[in-house]
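Colleague: sequence and predicted model, in that order:
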Amino acid sequence: MGEGHAWHVEMMVGGHLVVVVGDGLYLEEVGKGGGGGGREVIAGCFSQMMYLGLSLGASFKASMVWNPILEKVERRLAGWKKLYLSKGGRGYNATSYGEVWEDGYTHHLVSWDTVCSPIAHGGLGVRKVEVFNRALLGKWLWKFGREETNLWRWVIVAKYGCEWGGWMSGNPRGTHGCSLWKGILSRWDIFHHHVKLVAGLGSRTLFWHDHWCGDIPLKVRFPVLFSCSSSQSASVASCLYSSNDGAGRSWNITFIRDFNDWEIEEVLAFFTFIHANVPTTLDPDSLSWKLRLHGKFDVKSFYHALAGHSAISFPWRAIWRVKAPRRVSFFLWSAAWGKILTCDNLMRHGFNLASWCCMCQNAGETGPHLLIHCGMASDLWHLVLRSFGVLWVFPNNIADLLFGCGKETEFPIEPELTLELMMAANYLHT
């Protein structure tokens, strides 16, 4: 274009929009959008620049910026609710959602920690957003130690420096322009416990301090020898000696004093241990993820490590690995936890009513009574069992009954039929 006019070229490189700006329009003006709101001013016209669905350079406090994102989330939630919730469930979900955002109080039958537990531990596998965000940020710590030639890493190192070995950056200081990377780097203490170094050349691995040989550093495994070491900050490469005859590499460890008789046993254990872990390759040192056998980082394993779910015994296979609608499995999951809306649960939440089974009128209405021990439910169970020629003594609760379902147990009924019988027993009481 002529003098005094601005020109720009847009290119897609690796999924990123690269804008090359000519005379008359600076990069700062592109970020600010010329007229504001993430727009370029080109010959009196506005050109919107978008990145990851957000307007580039727009104020994050502006409601107009987030409205498209909220609409997209609502569309995806609508499909999820249609798949997993009945009409009544959708209505209850909308009601409870409104109560939460209006600071109202509602009764929650199952705790949120239980819901966020893995399915195999009795939960629904819902991820906690805060913990999942920390797991996602851990991916950048993993990339920093492996992607030495990437531009973003060069920028971080130029601004904050780099620690010895290059596995992490220097600690960001100050209050301006460093909050993002400071938040990511604050997770390093947790992250590095799940990482080990694979020593090749050994030039980026500290012999005593790093996790490269076993599950713990050598300074923790052999504290007496570490205190006697002549070079406590030595690298693995400096502790290796390469012979000229091609026999490989061997250790060359020096200490500041001779050892006492009572220390000989630990010295022998130390040299036996390190001789069994001599680096066999001359490849560059690398990171390995201890939570996966293949040694590669993934967000899922880091999330479970951060969440710290306790393993419990729960009959999840009889609930979720059956050919049944999801809403039926969800009802059975609630019943296994004893959290369906029976009279005893309603009374615990402040409802004034008589805990009395309206069908048999012989006992209070609880989950096990409603689905197993009530007269009408029991007759239905025994009717089906007699057709198989079996007499069965039922357990006291629903979870124990589900543990007995499956082909690997002695229970004569398949889990799918067990679900149908429980739903039929529940239908008789409605």
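Modeller: Done, it's in. Residues are numbered from 1 along each chain as shown.
Colleague: which residues of the protein score low on pLDDT?
Modeller: 1-53, 56-57, 60, 80-107, 174-178, 244-247, 405-430 (pLDDT under 70).
Colleague: show me where this protein has strands.
Modeller: 8-13, 16-21, 39-42, 45-48, 50-51, 54-55, 195-198, 240-242, 249-251, 286-289 (DSSP state E).
Colleague: ok, Gly375 touching Gln361?
Modeller: No - checked against C-beta atoms under 8 Å, the pair Gly375 and Gln361 is beyond contact range at 9.2 Å. Where C-beta positions appear, they are placed from N, C-alpha and C, glycine not excepted.
Colleague: of those two, which one has the most company?
Modeller: Taking other C-beta atoms under 10 Å, Gly375 and Gln361 do not tie; Gly375 has more neighbours (14 against 8).
Colleague: ok, so what distance separates that one from Asn397?
Modeller: Distance of Gly375 to Asn397, computed by C-beta to C-beta, to the nearest Å: 18 Å.
Colleague: now swap in Phe388 and tell me
Modeller: With C-beta to C-beta as the criterion, Phe388 and Asn397 are 23 Å apart.
Colleague: and these two? which has more neighbours close in?
Modeller: It is Asn397, of Phe388 and Asn397, that has more neighbours when counted by other C-beta under 10 Å, with 17 against 10.
Colleague: skip the chain neighbours and tell me the closest residue to the more buried one.
Modeller: Take Asn397 and drop its neighbours on the chain: the residue closest to it by C-beta to C-beta, 6 or more residues apart in numbering is Pro368, 5.1 Å away.
Colleague: and the longest helix anywhere in the chain, how far from the chain's centre?
Modeller: Secondary structure of the chain per DSSP state H: the longest helix is helix 63-84. Relative to its chain's centre, helix 63-84 lies at 23 Å (C-alpha atoms, centre = their mean, to the nearest Å).
Colleague: and it, what does it pack onto?
Modeller: On a contact count with 3 or more C-beta pairs under 8 Å, 6 or more residues apart in numbering; DSSP states H and E, helix 63-84 meets strand 54-55, helix 87-101, helix 326-336.
Colleague: look up the closest residue to Gly295, ignoring the ones flanking it.
Modeller: Ser288 (4.0 Å).
Colleague: check contacts around the one you found.
Modeller: Listed by C-beta atoms under 8 Å, 6 or more residues apart in numbering, the contact set of Ser288 reads 195-198, 295.
Colleague: can you pick out the most distant pair from those?
Modeller: Leu197 and Gly295 (11.2 Å; C-beta to C-beta).
Colleague: looking at the two, which is more packed in?
Modeller: With neighbours defined as other C-beta under 10 Å, Leu197 and Gly295 compare such that Leu197 has more, 22 against 14.
Colleague: these two touch, right, that one and Thr205?
Modeller: Yes - the pair formed by Leu197 and Thr205 meets the contact definition of C-beta under 8 Å, at 4.8 Å.
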